[in-house]
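In: just need the structure, nothing else, for what follows:
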Amino acid sequence: MKGIQDTSNETYRKLMGNGLKYVIPKFQRDYSWESEHWDDLWQDIQLVLENEENEHYMGYLVLQTTDNKNYTVIDGQQRLTTLTILILAVLKRLNDFVIQGTEVENNEIRINTYRNNYIGSLNTITLISDNKLKLNRNSDDYYRNYMVLLKELPLRNTNTSEKNMRSCFEWFYKKLKQYSTGEEIANFLETIVDKLFFTVITVTDQINAFKVFETLNARGVQLSSSDLLKNYLFSVIDESNPHHTEIEELEKLWSRIIGKLGNKKFEDYLRYYWNSKNKTVRKNQLFKVIKNNINSKKDTFELIRDLEESTDIYIAIQDPGSEIWSDKPEIIKSLKELKLFQIKQTNSLLMSAYKNLDINSFTKLVKTCSVISFRYNIIGGLNPNEQEDVYNKIANSISTNKSVSLTDFQTVYVSDINFENDFKTKQFKRTSKNHKIVKYIYSKIEKHIFNNDINSESDNYTIEHILPESADENWGDFNNEQVNRSIYRLGNLALIENKLNLEAGTKTYIDKKEIFKKSNCHSTNSIPEEYNDWNENKVSARQRELAKLAKSIWRIQELN
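Out: Model (predicted):
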């Protein structure tokens, strides 16, 4: 793999030996593992202990070094920190035996040996430890001054990272109480340090580290690429500001961004933000492009401040219920449709539009995106990457010109003839998303054609399969092939009240006609009048009529 200095498989014993030291960058994310992660590791360890032939693979460890002695941990800090805390819990348990007067000399030898091998040497006079692992700025003082010295761990006035480390230590310490002698503890530790192993990838700089991240991510290995970017941005400030006041301000802004985003991925947000005002960049090139553009303190603060300010609109365009839209029903309606369609290609465009257009132009643009998405994505099933490229170009244009023309969307607006042809044959297999979309389609038809306002989100309505999903060759005028071709076609589906859907069940079409007549949905209660019987030709005929209606409902006049 290009950019890699070395790749090797290493046991935990070898990883921590030979005077090697590891530093977690001070602005990398805090320790965040919780009981579910500790329990997963513990269960894996138990499998190793059950059979001496078993080993456990701990995954990739990405390190950066210039001298092959001191390493910066680019990825893997959660696992390294957890194993170190487990070793400290082992030392605490061995110290229990010393206090009890059990095999004092042997257990003291074990404590000193394991401390030197896996934690670091401790000066017995100053009680200063030369640690093998240095944690980040929010964790290292607590780790060095309390955990390494096996002191009582304070709980008050501690940050989240410190609380997590304390809980981790107590969790493993409790588990280790199942071992009643120092020899048992020693057997436990000697086994796992040789049976837990990592694939260690060593690089010489952060750019190469990011290339490694992207390659691993492509293989399905989830790595914290946002940490890499964060470390780079903070390093730009740190190099020019020895007093750290600006570092603290940057940390505050960064924390606000992460806090606002919640469970939304920062990497996704960053890409949409960047593409809203710059030439389109794919995920695997994002770090490199930003690094080339952000190389001063001024650049860094401008980026972070704008990112923080833009977070609210990024979240709002994905949340029709946001307070931002409280008095804007047309925007709420269109954003609900985009959310229903699960469209993300519009994110960069809508971020740029909200910042640079007046509210009327923004409202019209959101509605345009909804109609295009229905034609292009839901009915057409066309390539979303090409669509996103067009949207991003328009986003850049809006950022520059503070205006937009609907003709810019022409290339992604599916023509009437293609839209009608796609609609004629469209099927919707049974999924939760498709069920909601079909309800939406028929509620739009009810509203636009019959002026019947039915809420597609209402639980009072559902979708009826006229030819039932469980139909056999005895149901109506269908053979097996025709059944398979027809069941999920839009022409075979109808919007109906739940109670009538239950009543219809798998009844014959003759019986269902009487039930359909009772429905408040005009597109459904008109079926018996229009179709005396039901077969594949009737399904096609109904869908052709629906396709003609769809052209006038999902339409942008300026683009026709």
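
In: where is the longest helix in the chain?
Out: Ranked by number of residues, the top helix in the chain under DSSP state H is helix 77-100.

In: dump that helix to PDB, restricted to CA.
Out: Taking C-alpha atoms only, helix 77-100 is exported to PDB below (Å, rounded to 0.1, in the frame of the first residue of the first chain):
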ATOM      1  CA  GLN A  77      -6.200   4.500  20.900                       C
ATOM      2  CA  GLN A  78      -9.400   3.100  22.300                       C
ATOM      3  CA  ARG A  79      -8.000  -0.400  22.200                       C
ATOM      4  CA  LEU A  80      -4.600   0.500  23.500                       C
ATOM      5  CA  THR A  81      -6.000   2.500  26.300                       C
ATOM      6  CA  THR A  82      -8.400  -0.200  27.300                       C
ATOM      7  CA  LEU A  83      -5.700  -2.900  27.400                       C
ATOM      8  CA  THR A  84      -3.500  -0.600  29.500                       C
ATOM      9  CA  ILE A  85      -6.300  -0.100  32.000                       C
ATOM     10  CA  LEU A  86      -6.800  -3.800  32.100                       C
ATOM     11  CA  ILE A  87      -3.100  -4.200  33.000                       C
ATOM     12  CA  LEU A  88      -3.500  -1.600  35.800                       C
ATOM     13  CA  ALA A  89      -6.500  -3.600  37.100                       C
ATOM     14  CA  VAL A  90      -4.200  -6.700  37.200                       C
ATOM     15  CA  LEU A  91      -1.600  -4.700  39.200                       C
ATOM     16  CA  LYS A  92      -4.300  -3.600  41.600                       C
ATOM     17  CA  ARG A  93      -5.500  -7.200  42.100                       C
ATOM     18  CA  LEU A  94      -1.900  -8.400  42.700                       C
ATOM     19  CA  ASN A  95      -1.400  -5.600  45.200                       C
ATOM     20  CA  ASP A  96      -4.500  -6.900  47.100                       C
ATOM     21  CA  PHE A  97      -2.600 -10.100  47.700                       C
ATOM     22  CA  VAL A  98       0.400  -8.100  49.000                       C
ATOM     23  CA  ILE A  99      -1.700  -6.200  51.400                       C
ATOM     24  CA  GLN A 100      -3.300  -9.400  52.600                       C
END
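
In: the stretch 301-450 of the chain: helices as residue ranges?
Out: Under the criterion DSSP state H, counting those that start in this stretch, the stretch 301-450 of the chain carries helices at the ranges 329-341, 347-356, 359-373, 384-401, 416-425, 432-450.

In: can you list these in TSV and add mean neighbour count?
Out: C-beta: built from backbone N, CA, C; applies to glycine. As requested, the helices of the stretch 301-450 of the chain are exported to TSV (neighbours: other CB atoms under 10 Å):
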stretch	mean neighbour count
helix 329-341	19
helix 347-356	24
helix 359-373	19
helix 384-401	18
helix 416-425	17
helix 432-450	17
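
In: closest to Leu261 out of those?
Out: Leu261 sits nearest to helix 347-356 of all those, at 13.0 Å, using CB to CB.

In: report all helices and strands that the closest one contacts.
Out: Packing contacts for helix 347-356, counted by 3 or more CB pairs under 8 Å, 6 or more residues apart in numbering; DSSP states H and E, involve helix 266-275, helix 297-316, helix 359-373, helix 384-401.

In: next, the angle from it to helix 297-316.
Out: Angle between the axes of helix 347-356 and helix 297-316 is 100 degrees (criterion: axes from the mean of the first three to the mean of the last three CA atoms, to 10 degrees).

In: next, the angle helix 384-401 makes with helix 347-356.
Out: Using the same axes, to 10 degrees: helix 347-356 against helix 384-401 is 20 degrees.

In: what residues does helix 347-356 touch?
Out: Residues from elsewhere that reach helix 347-356 (CB atoms under 8 Å, 6 or more residues apart in numbering): 272-273, 275-277, 310, 313-314, 317-318, 361-362, 365-366, 369, 388, 391-392, 394-396, 398-399, 402, 404.

In: same question for that helix, mean pLDDT?
Out: Regarding helix 347-356, the rounded mean pLDDT is 97.

In: next, count neighbours for Tyr179.
Out: 17 (other CB atoms under 10 Å).

In: er, Gln482 actually
Out: Neighbour number of Gln482 under other CB under 10 Å is 17.

In: for it, give me its contacts.
Out: Contacts of Gln482 were listed using CB under 8 Å, 6+ apart, and they are Asn535, Glu536.
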